[in-house]
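**Q** Let me see the structure of the following:
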Amino acid sequence: MSSTDVVVESPRSGRTSAAQGWARFAPAIRGEGTTARRAWQSRYVARTVAFDALCAVTAALMAHGLWFGWTGSPPFWEVVLLPLIWLPAMLVSRTYEKRFLWVGVEEYRRVFDAAVALLAAVGFVSWALDMRVARGFVVLALPVATALTLLARLAHRHWLHRQRRGGRYQQTTLLVGHSRAVADLDEQLQRATDRGYRVIGCCLPSDQHSTAVDAFHGLPVLGGVDEVAEVVTRFEVDTVAVLPSQELDGRTLRNLGWQLEDTDAEMLVAPAITDVVGPRVHIRPVAGLPLLHMERPELTGLRRFTKATFDRTSAFLGLAFLCPVLLGIAIAVRASSAGPVFFRQERIGHHGEPFMMLKFRSMVPGAHAMVADLTADSDGNGVLFKKRDDPRVTRVGKVLRRYSLDELPQLINVLRGEMSLVGPRPPLATEVAAYGLDMRRRFLVKPGLTGLWQVSGRSDLSWDDSVRIDVRYVENWSLAFDFMILAKTARAVLRGSGAY
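**A** Numbers count the residues shown, from 1 in each chain. Presented below is the predicted three-dimensional model:
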């Protein structure tokens, strides 16, 4: 391992004092420094440039072979020319800037915009200068280069996320704000280890120092909210995450930003509203002030009609295509144990209306009556009963559950309009009885055959995580969001994480 590939040990291991926790952690931080910990970023950008050039060369070779033939003249000029115009186009679109890399969809959008602009530029220049251009080659080469570049960048980012989950390429992070907000953000960052934020301590208001040890289980309190710049300088902190609090008003935040300009730390300011992201949030200047505008969620109109049409069409085609598979599963279920092929259960759907959800039966008959005897050994999240080695599950049922094949009959529910392909998990009436105001937001959309819960751990999720994920989906619903979840569902099903 090189000196810059730092594996950072967490200072939190059980209940310990802030001083003890930091004493174990400080040597590793001081031994590297922000510059050394960020050295990997330049290497990441260099690899991205190399991958883009390789994708352009590959696209030129493929387009030359498809358009001019594989036995024609050697594709010398195409192989040289396409990277020479492809890389500057990526550069002009700022796809190599670190703030757009390794997080979010902005990187991919800029790559796509650059490709469209380049195609338009080639067409305009060839027309304006009356140049003889092999239009077929251009039409083939640029889309192929775009697809290869997007795939390469996606794979590169996944590689980085795997490295970060292993403890490498981390940014030391200081949380600033009230104890409850700091604790919530700390928990979220611990879950999202692939984002690379390693929390090393916090700065709290002076009246909350005495309760910090018990609240954070050893998370060091490095100072007060008025000592942030000093803490950043002393421990060479990479990132400062500031949470809303009355001690950190606009003037104080502005002064803190000025103070951090003399350091290598970047400052992140968390808005008071959470779980609302993407196109619903915009920063707009109003009377000289940068105000955060939060648009209403688009739950009606043309996009909703498009989603419903896509759902029902996909469900019909899925049932038609999977008919032999469904028939085979039905025969296996019927032969494995006595009882019906389908399991019908009342769930609560759109606008709180009940409906009968269909699944292939994966348990022995009378399984519901056995829950009382197994509740004490539940592996669920405190609200839902789940058991990893459930004795009620048949041998065929274990295979069906492992790969979520038992849920395929829900395509019928989608075709009926009771469910959607993507949405919140369809809840039981007993769960709904325990819902608070937040969870009732999920009834604004139809429950889904898959959703964020499916690609985020399924049965391994805690109840709080389930609530947060369902609300996040409703607040940020879009067709693009649905397509992203559908793309991730196949991988989640094959991995079988949380399926029992």
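
**Q** Once you drop chain neighbours, what's closest to residue 137?
**A** residue 67 (4.7 Å; Cβ to Cβ, 6 or more residues apart in numbering). Yep, even glycine has a C-beta here, placed from its N, CA and C like the rest.

**Q** Looking at that neighbour now. What's its pLDDT?
**A** Looking at residue 67, its pLDDT stands at 73.

**Q** can you check residue 222 too?
**A** With respect to pLDDT, residue 222 scores 84.

**Q** Which other helices and strands does the helix or strand containing it contact?
**A** Taking DSSP states H and E as the criterion, residue 222 maps to strand 221-224. Contact here means 3 or more Cβ pairs under 8 Å, 6 or more residues apart in numbering; DSSP states H and E; on that basis strand 221-224 packs against helix 18-30, strand 197-204, helix 228-235.

**Q** Low-confidence ranges, the stretch 201-350 of the chain, go.
**A** 207-218, 272-282, 286-290, 292-299 (pLDDT under 70).

**Q** Oh, that last question was meant for the stretch 351-500 of the chain, not what I typed.
**A** Within the stretch 351-500 of the chain, the stretches with pLDDT under 70 are 366-389, 436-438, 457-464, 495-500.

**Q** just the helices in it please.
**A** 371-374, 395-402, 410-416, 429-432, 463-475, 479-495 (DSSP state H, counting those that start in this stretch).

**Q** so what's the residue nearest to residue 137 up against?
**A** 134, 136-137, 140 (Cβ atoms under 8 Å, 6 or more residues apart in numbering).

**Q** From the residues you listed, pick the one nearest residue 192.
**A** residue 140 (39.3 Å; Cβ to Cβ).

**Q** Next one: that closest one relative to residue 61, how far apart?
**A** Distance, residue 140 to residue 61, by Cβ to Cβ, to the nearest Å: 11 Å.

**Q** Now do the contacts for residue 189.
**A** 173, 195, 197, 199 are the contacts of residue 189 under Cβ under 8 Å, 6+ apart.

**Q** and of those residues, the nearest to residue 81?
**A** Checking the contacts of residue 189 against residue 81 by Cβ to Cβ gives residue 195 as the nearest, at 38.5 Å.

**Q** quick one: the nearest residue to residue 400 once chain neighbours are set aside and residue 423, what's the gap?
**A** Distances taken as Cβ to Cβ, 6+ apart place residue 406 nearest to residue 400, at 4.0 Å, with adjacent residues excluded. Shown here: residue 406 relative to residue 423, a distance of 18 Å by Cβ to Cβ.

**Q** Between these two, which is the more surrounded one?
**A** Comparing residue 406 with residue 423 by other Cβ atoms under 10 Å, the one with more neighbours is residue 423, at 28 against 25.

**Q** doesn't residue 445 make contact with the more buried one?
**A** Yes: the criterion here is Cβ atoms under 8 Å, and residue 423 meets it with residue 445 at 5.3 Å.

**Q** Mind listing the shared neighbours of those two?
**A** Common neighbours of residue 423 and residue 445, counting by Cβ under 8 Å, 6+ apart, are residue 473.

**Q** Quick check: the two most widely separated of the contacts of residue 189?
**A** Once Cβ to Cβ is applied, the contacts of residue 189 give 195 and 199 as the farthest pair, at 11.4 Å.

**Q** higher neighbour count, the two?
**A** Neighbour totals were compared for residue 195 and residue 199, and residue 199 leads with 24 against 17 (other Cβ under 10 Å).

**Q** Go ahead and confirm that one touches residue 219.
**A** Yes: applying Cβ under 8 Å, one finds residue 199 in contact with residue 219, separated by 6.9 Å.

**Q** list the residues that contact both of those two?
**A** Shared contacts of residue 199 and residue 219 (Cβ under 8 Å, 6+ apart): residue 186.

**Q** For burial, what's the neighbour tally of the nearest residue to residue 306 once chain neighbours are set aside?
**A** Of all residues not flanking residue 306 in the chain, residue 479 sits nearest, at 6.6 Å (Cβ to Cβ, 6+ apart). Neighbour count for residue 479, taken as other Cβ under 10 Å: 14.

**Q** Residue 479 reaches residue 303, doesn't it?
**A** Yes: if you go by Cβ under 8 Å, residue 479 and residue 303 touch, sitting 6.2 Å apart.

**Q** Residue 317: what's it in contact with?
**A** Residue 317 sits next to no residue when contact means Cβ under 8 Å, 6+ apart.

**Q** now the angle between helix 479-495 and the helix or strand harbouring it, please.
**A** Here residue 317 sits within helix 302-321, counting by DSSP H and E. Using axes from the mean of the first three to the mean of the last three Cα atoms, to 10 degrees, the inter-axis angle of helix 302-321 relative to helix 479-495 is 30 degrees.

**Q** quick one: buried residues of the helix or strand where residue 60 lies?
**A** Following DSSP H and E, one finds residue 60 within helix 39-68. In terms of neighbour count (16 or more other Cβ atoms under 10 Å), helix 39-68 has its buried residues at 39-40, 44, 48, 51-53, 55-64, 67.

**Q** and what of stretch 352-362?
**A** Neighbour-count burial for stretch 352-362, counted by 16+ other Cβ under 10 Å, picks out 355, 357-362.

**Q** Equivalent analysis for stretch 434-450, please.
**A** Neighbour counts over stretch 434-450 (16+ other Cβ under 10 Å) mark 435, 439, 441-443, 445-450 as buried.

**Q** which one of those residues sits closest to residue 242?
**A** residue 441 (27.5 Å).

**Q** I'd like to know how far the closest residue to that closest one other than its chain neighbours sits from residue 357.
**A** Once flanking residues are discounted, residue 441 sits nearest to residue 474: 5.0 Å by Cβ to Cβ, 6+ apart. Noted for residue 474: a distance of 19 Å to residue 357, by Cβ to Cβ.
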